[in-house]
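Peer 1: Just a sequence and a predicted model for now, questions to come.
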Amino acid sequence: MDIAMIGLGRMGANMAQRLHRGGHRVVGYDPGEGARQRAAEAGLEVVDSLAAAVAALPVPRVVWLMVPAGETVDQTLGQLTPHLAEGDIVIDGGNSNYQDSIRRAKALAEDDLGYVDCGTSGGVWGLQEGYSLMVGGEASVVEQIAPLLRTLAPAEDRGWGRVGPSGAGHFTKMVHNGIEYGMMQAYAEGFALMERKQEMELDLAQVAEVWRHGSVVRSWLLDLSTEALKRNPSLDGIAPYVEDSGEGRWTVAEAIALDVPAPVITLSLLERLRSRESNSFTDRLLSAMRNEFGGHAIKKS
Ligand SMILES: O=C(CO)[C@H](O)[C@H](O)COP(=O)(O)O
């Protein structure tokens, strides 16, 4: 198939490359000159405007967005859609909020444009391993882009699927990332426990390696943790500060809206917030209260 890949950052460039290697014609565009240059050096066909990307495609055109979630998606659609015509298809493969995807699908449908929300997991390993693709949208539209999905997925018939109507792809990816938070937190806490038990002289990378084979808790996150611990057993140079990109917050908000208790995911999100506090007001007030009611000593800063 012919496709335009808009956004040639870490994810978009690798996905474009996997599609290119899989025999598709990929026309790449990124607003950043550096990203365009890197993609061109990697052998991709690159153009210098959205209009040129669309113009390079046969109709019906298929345009895949890998741009930051949020306003950038709306801005890109605003610039892109005037160049599109009835029957063309736009795919949003980023981590967009599913409610935004439902809204965008409706807006594009008014101009007879197809819109597919595709939750994409696989990170920087996706180029070689393939991506897990959670696809939302009209079945007939998804069918048209199936050759692309088969190439991006780890195997033709596995690792991708239309999971429901518009929004379902990004809803599923949101839940996936909520689970990711909880799993990561559980591994991190377990390894911290073993690290603290110094008299056992545990080699954490060795334990992780043992667990990777046959254990109930083996997983890709464990594989990656093992690699990180082998490279840097005491995690030197890594600040105890964990960012988030929003999907955990959406998952927790959704759990509350649906009356679904999700304590593990919720606490793993809160733990990330806590990791950013180097001088916690909460903890200082706790200490002050203990001092007030019990005369307990305050540790001075
Ligand atoms: O989608 C992903 C993996 O599945 C991304 O890596 C995600 O952006 C990471 O999320 P966060 O920054 O909130 O940890």
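Peer 2: Happy to help now that I have it.
Peer 1: Just the closest residue of this protein to the ligand, please.
Peer 2: Minimum separation of the chain from the ligand (Cβ to the nearest ligand atom) falls at S245, amounting to 3.4 Å. Where C-beta positions appear, they are placed from N, C-alpha and C, glycine not excepted.
Peer 1: Say whether the ligand is contacted by whichever strand in the chain runs longest.
Peer 2: Using DSSP state E to define each element, the chain has its longest strand at strand 114-121. Yes: if you take Cβ under 6 Å from any ligand atom as the test, strand 114-121 does meet the ligand, through S121.
Peer 1: strands paired with that strand, and their directions?
Peer 2: Next to strand 114-121 in the sheet, as set by DSSP bridges, lie strand 89-92 (parallel), strand 132-136 (antiparallel).
Peer 1: tell me which strands and helices the following helix or strand past the last one is in contact with?
Peer 2: Pointing back at strand 132-136 there. Using DSSP states H and E, the helix or strand that follows strand 132-136 towards the C-terminus is helix 139-144. Applying 3 or more Cβ pairs under 8 Å, 6 or more residues apart in numbering; DSSP states H and E, one finds that helix 139-144 contacts strand 114-121.
Peer 1: Just the residues contacting the helix or strand immediately after the strand it packs on in the chain, thanks.
Peer 2: Using DSSP H and E, the helix or strand that follows strand 114-121 towards the C-terminus is helix 126-129. For helix 126-129, the surrounding residues in contact (Cβ atoms under 8 Å, 6 or more residues apart in numbering) are 11, 14-15, 17-18, 120, 122, 152, 154.
Peer 1: circling back to that earlier point, from memory the residue of the chain closest to the ligand sits against N95, does it?
Peer 2: Yes: counting by Cβ atoms under 8 Å, N95 is a contact partner of S245 at 6.4 Å.
Peer 1: Those two: which has the busier surroundings?
Peer 2: Set side by side, S245 and N95 show more neighbours around N95, with 21 against 10, by other Cβ atoms under 10 Å.
Peer 1: Quick check: the more buried one vs E199, distance?
Peer 2: Distance of N95 to E199, given as Cβ to Cβ, to the nearest Å: 43 Å.
Peer 1: repeat for P154
Peer 2: For P154 relative to E199 (Cβ to Cβ), the value is 43 Å.
Peer 1: intersection of neighbour lists for S245 and N95?
Peer 2: Residues touching both S245 and N95 (Cβ under 8 Å, 6+ apart) are A69.
Peer 1: ranges for the strands of the chain?
Peer 2: Going by DSSP E, the chain shows strands at 2-6, 25-29, 45-46, 62-65, 89-92, 114-121, 132-136, 160-164.
Peer 1: Take those strands and lay them out in JSON lines including mean pLDDT, distance to S215 and mean neighbour count.
Peer 2: Output for the strands of the chain, formatted as JSON lines (pLDDT from 0 to 100; distance: least, Cβ to Cβ, whole Å; neighbours: other Cβ atoms under 10 Å):
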{"stretch": "strand 2-6", "mean pLDDT": "98", "distance to S215": "38", "mean neighbour count": "24"}
{"stretch": "strand 25-29", "mean pLDDT": "98", "distance to S215": "40", "mean neighbour count": "22"}
{"stretch": "strand 45-46", "mean pLDDT": "98", "distance to S215": "45", "mean neighbour count": "20"}
{"stretch": "strand 62-65", "mean pLDDT": "98", "distance to S215": "38", "mean neighbour count": "25"}
{"stretch": "strand 89-92", "mean pLDDT": "98", "distance to S215": "37", "mean neighbour count": "26"}
{"stretch": "strand 114-121", "mean pLDDT": "98", "distance to S215": "22", "mean neighbour count": "26"}
{"stretch": "strand 132-136", "mean pLDDT": "98", "distance to S215": "22", "mean neighbour count": "24"}
{"stretch": "strand 160-164", "mean pLDDT": "98", "distance to S215": "28", "mean neighbour count": "19"}
